[in-house]
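Participant: predicted coordinates and the sequence they were generated for:
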Amino acid sequence: MGRCPDCGAWNSLVEEQPAQQSAPAAANHRYGLVSGSASAKLYSDIKTSDAPRISSGIAEFDRVLGGGIVPGALVLLGGEPGIGKSTLLLQVAAHVARHVGPVLYSSGEESEHQIKLRGERLSVDRAPLYLLAETCLERILEEIERLKPALVVVDSIQTIFSARFQSAPGSIGQVREVATHLLFAAKGRNIPIVLVGHVTKDGSLAGPKALEHVVDTVLYFEGERHHAHRVVRAFKNRFGAASELGVFEMSATGLREVPNPSQMFLAERSIGKPGSAVLCCIEGSRPILVEVQALVSSSTFGNARRMASGVDQQRLSLLLAVLEKRAGLGLLGDDVYVNVAGGMNVDEPAADLSIVAAVASSVQNRAVGSMTAVFGEVGLGGEVRATTQTALRVREAARMGFERCVLPSANADLPASERPAQIELVGVRTLDEALQALLA
């Protein structure tokens, strides 16, 4: 069969030949995640252990994980090749080895000497950090049983294979089998395990979708090669908030955390230039200020071009249609380019008003106030809709020195305890009111 009837993928069926197990042996084997859980327990009889989280030594990474590494958790970290996944995890492994206990770093892509060379660049000193260049799952499980480490890093899961199957490493059967056995090891021994995953050309994690369902936390390592900063984003987290964000800066000595991302993204902002607006966006529980830039120019070809970097291009086309219909701006024959400065990706609806403001500012050649921040969702009728977490956005804008904030009128009625005194809140109901307030 060429196509899977469940997921619709082509040429994804592989042959698996598991080892045969006799009926008496299978009946006596325990398949529970935790040893000793042979029968069902009453909910009220289960005692929760207050096991403290393990600090990774990097506050931004702890933020993404929800406050630290949970004992027994299975974490999957994916990202483009060369973006810094192995560098980050080696820094985390070295810190845990120094302050908590022995750490096992298993790599199926590098030798121990290559990992040691990277560790010397990162100034990893003497610590109980064990390096293992191995691709066989059974050997890795033996080392986990022998060392009883405080943390295990497997880099990467696509290179590990189980001797129980004859398929090649990285195949669907092997990835599913390896992830399942590492899940049993993490839960049964209460050891956190971090897996590194490859990504496809469109940026999604390679392998079966069941891999993301098995693990407790799914993290994506994002960033542009031509920018120094990197972003770790949580897409799934059973022990913390999803969509949390951590910002790092790549340096010669490894990844350094960025405690104030707003200052970094606004460091080179052009003041008083048309086509620029400052957006108060929310990533997880963190407010971040970014600059949205727009350039509108006359088209020299028959078809106008619409290009977007950092925002959804389909959303940009929708907002340009609203501007043309509701605000009377003639954009049908113009090329429109929109960019979020610094390489940040923003996908929340609250970015609509900043995109509209930047485009209108470029068309009319009138600058938005340099001390004005903006956020809000724009509807198809030209109305400005309310967004969430208004107080966080306004406080971040005030902390960065902004004196004015244009926002939906439904969000302007903040309680006095949540409204900073040094910032003016301007509520708008329609697109015309917003453009008048921003470009007056």
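Facilitator: Everything's here; your move.
Participant: residue 333 contacts residue 299, doesn't it?
Facilitator: Yes - applying CB atoms under 8 Å as the test, residue 333 and residue 299 come out as touching, 5.5 Å apart. C-beta here means a position set from N, CA and C on the backbone, and glycine is covered the same way.
Participant: between these two, which one's more packed in?
Facilitator: Per other CB atoms under 10 Å, whichever of residue 333 and residue 299 has more neighbours is residue 299, with 14 against 11.
Participant: and the next element down the chain from the longest helix seen in the chain?
Facilitator: The residue-count maximum for a helix in the chain (DSSP state H) belongs to helix 172-189. Counting by DSSP states H and E, the element after helix 172-189 in chain order, helix or strand, is strand 193-197.
Participant: tell me the first helix or strand C-terminal of the helix or strand residue 78 falls within.
Facilitator: According to DSSP H and E, residue 78 maps onto strand 74-79. Of the helices and strands lying after strand 74-79 in sequence (DSSP H and E), the nearest is helix 85-99.
Participant: which residues does the next helix or strand after that next one contact?
Facilitator: Next along the chain after helix 85-99, taking DSSP H and E as the criterion, comes strand 103-107. Here strand 103-107 makes contact (CB atoms under 8 Å, 6 or more residues apart in numbering) with 86, 89-90, 93-94, 96-97, 115, 127-134, 140, 143-144, 147, 149-155.
Participant: distance between strand 103-107 and the chain's centre?
Facilitator: Strand 103-107 sits 24 Å away from the centroid of its parent chain (CA atoms, centre = their mean, to the nearest Å).
Participant: same check on stretch 403-413?
Facilitator: Put simply, stretch 403-413 sits 28 Å off its chain's centre (CA atoms, centre = their mean).
Participant: about what we covered before: what packs against the strand holding residue 78?
Facilitator: Applying 3 or more CB pairs under 8 Å, 6 or more residues apart in numbering; DSSP states H and E, one finds that strand 74-79 contacts helix 85-99, helix 172-189, strand 193-197, helix 210-214, strand 217-222.
Participant: adding distance to residue 6, mean neighbour count and mean pLDDT, write these out as TSV.
Facilitator: Shown next, in TSV, are those (distance: least, CB to CB, whole Å; neighbours: other CB atoms under 10 Å; pLDDT from 0 to 100):
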stretch	distance to residue 6	mean neighbour count	mean pLDDT
helix 85-99	30	22	94
helix 172-189	12	20	92
strand 193-197	21	26	95
helix 210-214	11	16	89
strand 217-222	21	22	92
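Participant: of these, which approaches residue 307 most closely?
Facilitator: Nearest to residue 307 among these is strand 217-222; the distance by CB to CB comes to 19.8 Å.
Participant: low pLDDT regions in this structure?
Facilitator: 1, 16-38, 48-50 (pLDDT under 70).
Participant: quick check: domain ranges of it?
Facilitator: 50-258, 264-439 (automatic domain parsing).
Participant: would you turn the ones you listed into JSON lines with distance to residue 43?
Facilitator: Formatted as JSON lines, these follow (distance: least, CB to CB, whole Å):
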{"stretch": "domain 50-258", "distance to residue 43": "18"}
{"stretch": "domain 264-439", "distance to residue 43": "30"}
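Participant: which residues in the chain form helices?
Facilitator: 23-28, 59-65, 85-99, 112-121, 137-147, 172-189, 210-214, 261-265, 313-326, 352-364, 390-399, 431-439.
Participant: closest to residue 373 out of these?
Facilitator: helix 390-399 (4.2 Å).
Participant: buried stuff in stretch 249-260?
Facilitator: Buried residues in stretch 249-260, defined by neighbour count with 16 or more other CB atoms under 10 Å: 249-250, 254-255, 258.
Participant: cool, and stretch 305-322?
Facilitator: Residues of stretch 305-322 classed as buried: 306, 308, 310-311, 315-316, 319-320, 322 (neighbour count, 16+ other CB under 10 Å).
Participant: and if you look at stretch 111-127?
Facilitator: 115, 119, 122, 124, 127.
Participant: from residue 126, how far out is the residue lying closest to the last one once chain neighbours are set aside?
Facilitator: It stands for residue 127. Ranked by CB to CB, 6 or more residues apart in numbering and with sequence neighbours excluded, the top spatial neighbour of residue 127 is residue 97, at 3.9 Å. For residue 97, the distance to residue 126 (CB to CB, to the nearest Å) stands at 10 Å.
Participant: equivalent analysis for residue 108, please.
Facilitator: 25 Å.
Participant: got it, and residue 184?
Facilitator: 32 Å.
Participant: who are the contact partners of residue 177?
Facilitator: So residue 177 contacts 137, 162, 164-165 (CB under 8 Å, 6+ apart).
Participant: also residue 367?
Facilitator: Contacts of residue 367 by CB under 8 Å, 6+ apart are 272-274, 276, 361.
Participant: make CSV out of the buried residues of stretch 305-322 and add distance to residue 295.
Facilitator: Formatted as CSV, the buried residues of stretch 305-322 follow (distance: CB to CB, whole Å):
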residue, distance to residue 295
306, 12
308, 12
310, 14
311, 14
315, 17
316, 13
319, 15
320, 13
322, 19
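Participant: quick check: the two most widely separated of those residues?
Facilitator: 310 and 322 (19.6 Å).
Participant: pretty sure residue 248 sits against residue 254.
Facilitator: No - if you go by CB under 8 Å, residue 248 and residue 254 don't touch, sitting 9.2 Å apart.
Participant: give me the common contacts of these two.
Facilitator: residue 88.
Participant: and the helices and strands packed on strand 74-79: which comes nearest residue 47?
Facilitator: Comparing those by CB to CB, helix 172-189 comes nearest, at 16.7 Å.
Participant: and that closest one, how far out from the chain's middle?
Facilitator: Averaged C-alpha coordinates place helix 172-189 at 23 Å from its chain's average position (CA atoms, centre = their mean).
Participant: convert it to CSV, retaining C-alpha atoms only.
Facilitator: Taking Å, rounded to 0.1, in the frame of the first residue of the first chain, the C-alpha atoms of helix 172-189 are listed here in CSV:
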residue,chain,number,x,y,z
ILE,A,172,8.7,5.8,11.7
GLY,A,173,8.8,2.5,13.6
GLN,A,174,12.2,3.1,15.1
VAL,A,175,11.4,6.7,16.2
ARG,A,176,8.2,5.5,17.9
GLU,A,177,9.9,2.5,19.6
VAL,A,178,12.8,4.6,20.8
ALA,A,179,10.6,7.4,22.2
THR,A,180,8.3,4.9,24.0
HIS,A,181,11.2,3.1,25.7
LEU,A,182,12.8,6.4,26.8
LEU,A,183,9.4,7.4,28.1
PHE,A,184,9.3,4.2,30.3
ALA,A,185,12.9,5.0,31.5
ALA,A,186,12.0,8.6,32.4
LYS,A,187,8.8,7.8,34.3
GLY,A,188,10.0,4.5,35.8
ARG,A,189,13.3,6.0,37.2
